Each structure stands twice: as structure tokens, then as C-alpha cells.
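In: Structure, please.
(one chain, ligands or ions: 2)
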Amino acid sequence: MGSQDNNVALSSSSFLADKSAKVFVAGHRGLVGSAIVRKLNQLGFTNLILRSHAELDLTHQSDVEAFFASEKPEFVIVAAAKVGGIHANNTYPADFIAINLQIQTNVIDSSYRHGAKKLLFLGSSCIYPKFSPQPIPEDALLTGPLEPTNEWYAIAKIAGIKMCQAYRIQYKWDAISGMPTNLYGPYDNFHPENSHVLPALMRRFHEAKVKGAKEVVVWGTGSPLREFLHVDDLADAVVFMMEKYSGLEHLNVGSGKEVTIKELAELMKEVVEFEGNLVWDSTKPDGTPRKLMDSSKLATLGWTPKVSLKDGLVDTYKWYLENVNL
Ligand SMILES: NC(=O)C1=CN([C@@H]2O[C@H](COP(=O)(O)OP(=O)(O)OC[C@H]3O[C@@H](n4cnc5c(N)ncnc54)[C@H](OP(=O)(O)O)[C@@H]3O)[C@@H](O)[C@H]2O)C=CC1
Ligand SMILES: C[C@H]1O[C@H](OP(=O)(O)OP(=O)(O)OC[C@H]2O[C@@H](n3cnc4c(=O)[nH]c(N)nc43)[C@H](O)[C@@H]2O)[C@@H](O)[C@@H](O)C1=O
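Out: Ligands and ions are numbered 1, 2, ... in the order given. This is a model prediction of the structure:
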């Protein structure tokens, strides 16, 4: 990687000092973007720039260019992406690599060229090799083969990290990257096949409870381990990194706690109050066996998560009942 000098913090301006600064949150209607907007609103930011996918397709370079030329945001948070669970990643590899490369390339490049002071790019824990040391340190990046079910998405995300690093090195521009673990919370995607495991199981258990079904099918063997973080904790970490971090290396953002998919399913069954049985469909892929991230760098800088998995599930199920299951 680049020399130590590139890791020296640039003279970035404080993010929190001016709550009237123009902040563009790309992807503000998604799980992550909506949590960041809630957090920024709580903090008193008054000048958020928001565009839905319908208003501005971030894969269209000339539209993105025109938007940045006219709005000139001072701070940019990239939470727009083509996102999905193991099945979606495995089924639509072209979409996952092409759309993500387009979105991030357009947003990062236009942000730099139209004078943004700082940009935060969000990747994912799937950037690391399938068989990484556990917990996974940031420097495990590019040390081995990726998990095949999500390598297309992972390659795009790795390119995003590298693009931020390249712009920092060549232009001395303050672009940073955060790598969240598996997230969940309000405004998640509850699609039966294309979503991540946590919202998929919440919906499946809830529908089974309502129908009085005797069993619920869960994918894979139940043995993979996953680390989950509530999206409100991630939003807090995003603000923390915007204010405090200005380095070359990407930073892991995790809860530090892992569960097996079987344990997650049992906990979900309890939270949703489904009384039937679990049936395992081992024809579905397990994916990476384990991906617990080492988030000690962020902890050393002063950030720690607050929401436990149990509390987070209870909170998310309440939101689901009030907002999705109408
Ligand atoms: N969810 C998770 O478990 C994790 C997420 N992350 C990262 O966090 C970020 C956000 O993910 P998450 O909130 O879960 O994803 P969501 O799918 O919930 O939200 C993504 C947002 O991006 C928007 N978007 C997608 N394509 C375009 C486009 N072409 N133009 C404009 N907007 C677009 C979507 O709008 P629309 O829906 O209208 O298309 C949506 O609002 C991603 O970078 C992801 O990699 C990282 C680790 C885990
Ligand atoms: C965030 C992360 O998300 C993805 O990676 P993943 O961690 O494998 O995500 P997942 O939530 O889809 O699955 C986790 C585990 O859960 C099991 N599982 C059981 N039952 C269901 C189920 O009903 N749906 C899903 N999706 N999974 C299920 C499933 O078989 C697997 O063993 C990538 O997109 C990757 O790119 C990425 O960044």
C-alpha cells in the first residue's frame, strides 16, 4: 500500500462545526442512508441534499455531473448501491459489479471535481478473503480468494476503497472508506428472496405466525457465523468517522459479536413469537463460513456500538409491524 506519508491526516475541516453545511447523502431512502439522515437531523443539520433514485440515477454520469455542478455539496456520504443478500448476489453478478462501479465512480469523481471537502464511501465486510483470519483486520484485504457468491460485488467495493485511496494520494483529497458488517433495522429490504438473512427471516416467521403455519424454511445448514450491527449504530459511526477520521486505510465497523444463523433463527422465532419448527434447506448456499471483523481501530479512535442484537430485533420487528405489514 502507499507510504506512511499518505496516511497522514489531511487538513480536513470539521464536519460537525457547521450544521448548515451542504451534505449529500446518496441513497437516502435505503436502510443505511435513511439512518444517516435520521442521525444528521437529530444533530441539527439543516442543509441535507437528497435525491431519490427516480430523481437522479447515479449510474448516469452526465446527470451526476450536472447535479454536482449545480449543488456543489461540501460533504458527501455514499450509501447508494445495488445491495442484496446471498441469493441476489449469486443470481445477478453483472448488476452487482456494473451498477456499483458506475455509482461509486460517478459520485466519487464528481465530488472531487466539484470541490467537496470530504467524502465517505461505504463498502462491506464481504471485501475480505473467504478464509480470512478471525476477527478480520483491515490488512487482510487482497490476501486471498473471495467468497464466490459475492465476488462481483466485493470487487466493485474494493475498487471503491482503492479509488478513495488513489484520489487521496494523487490529489490530497479527503476521501475515506468504512466497511460495515451485516446491517439491519428500519427501512431494510424485506424481499423474500433478494434480501439479507435477518429481514428475510423476520418476514417469513411473521407470515408463518399469521397463517398458523407449522414450520419455517431457513436456508443453508445454519452453521455460518455472522456479525450483525444495528443501522443506527452504523449511522453514529459514519458521523464519527466524518468528524474524526482522515486516513488512507479503510476502517472496519462491526459490533464485535457473532452468532450462528441457527442462533439468529432461534432468536427471531422468539422475538416474532412463532411457535412452529425450523426446517433447513441445505440446497441453498451457506456463503462465507465466518466473517467477524476486527473493529479495534475504530474503537481505539473512540467509537463503540450500543444496540444489542436482541434489542435491535425487538425494535426492528416493532417497526416492521407498524410500517411494512400494513
Ligand atoms: N445492508 C447491509 O447489510 C450492508 C450494507 N452495506 C453498504 O451500505 C450501503 C447502503 O446499503 P443499504 O442501505 O443496505 O442498501 P439499500 O438497498 O437499502 O439502499 C440503497 C439505496 O441506494 C439507492 N440506489 C440504488 N441504485 C441507485 C441508482 N442507480 N441511483 C440512485 N440511487 C440508487 C436505492 O434506491 P432505490 O431503492 O430506489 O433503487 C436505495 O435508496 C451500500 O454501500 C452497502 O454496500 C455494507 C454492509 C452491510
Ligand atoms: C452483507 C453481506 O450480505 C451477503 O452475504 P451474507 O452475509 O452471506 O448474507 P445473507 O444475509 O444473504 O446470508 C447470510 C447467511 O444466512 C443464510 N440464510 C438463511 N436463511 C436465509 C434467507 O432466508 N435469506 C438469506 N438472504 N439468507 C439466509 C444464508 O444461507 C447465509 O448463510 C452478501 O450480499 C455480501 O455481499 C454482503 O455484503
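
In: Get me the contact residues on the stretch 51-200 of the chain for ligand 2.
Out: With CB under 6 Å from any ligand atom as the criterion, the stretch 51-200 of the chain meets ligand 2 at residues 84-87, 89, 124, 126, 150, 153, 182, 195-197, 200. All C-beta atoms are positioned from the backbone trio N, CA, C, and that covers glycine.

In: Repeat the analysis, applying 8 Å as the threshold.
Out: Residues of the stretch 51-200 of the chain found near ligand 2 (CB under 8 Å from any ligand atom) are 83-89, 96, 124-126, 147, 149-150, 153-154, 157, 181-183, 192-198, 200.

In: Next step: those restricted to helices.
Out: 86-89, 96, 153-154, 157, 197-198, 200 (DSSP state H).

In: Which of the residues you listed are buried? Put it as a ChimeraX command.
Out: Buried subset of those, written as a ChimeraX selection, criterion 16 or more other CB atoms under 10 Å:
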select :86,87,88,89,96,153,154,157,197,198,200
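
In: how about TSV for the ones in helices among the residues of the stretch 51-200 of the chain next to ligand 2, with pLDDT and distance to Leu56 added?
Out: Listed next are those as TSV, based on pLDDT from 0 to 100; distance: CB to CB, whole Å:
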residue	pLDDT	distance to Leu56
Ile86	97	29
His87	97	28
Ala88	97	23
Asn89	97	25
Phe96	98	21
Tyr153	98	22
Ala154	98	26
Lys157	98	21
Val197	98	31
Leu198	98	29
Ala200	98	29
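
In: elements contacting the strand or helix carrying Ala98?
Out: Taking DSSP states H and E as the definition, Ala98 sits inside helix 93-113. Applying 3 or more CB pairs under 8 Å, 6 or more residues apart in numbering; DSSP states H and E, one finds that helix 93-113 contacts strand 23-26, helix 61-71, strand 75-78, strand 118-122, helix 151-171, strand 174-180.

In: closest one to Pro137 among the ones you listed?
Out: strand 174-180 (11.2 Å; CB to CB).

In: what's the angle between that closest one and strand 118-122?
Out: Computed by axes from the mean of the first three to the mean of the last three CA atoms, to 10 degrees, the angle separating strand 174-180 from strand 118-122 equals 20 degrees.

In: quick check, strand 174-180 touching ligand 1?
Out: Yes - under the criterion of CB under 8 Å from any ligand atom, ligand 1 is reached by strand 174-180 at 179-180.

In: coming back round to it: buried ones in the helix holding Ala98, by neighbour count?
Out: Applying 16+ other CB under 10 Å to helix 93-113 flags 93, 96-97, 99-112 as buried.

In: contacts with ligand 1 among those, please.
Out: Near ligand 1, by the rule CB under 8 Å from any ligand atom, you find 99-100, 102-103 out of the buried residues of helix 93-113.
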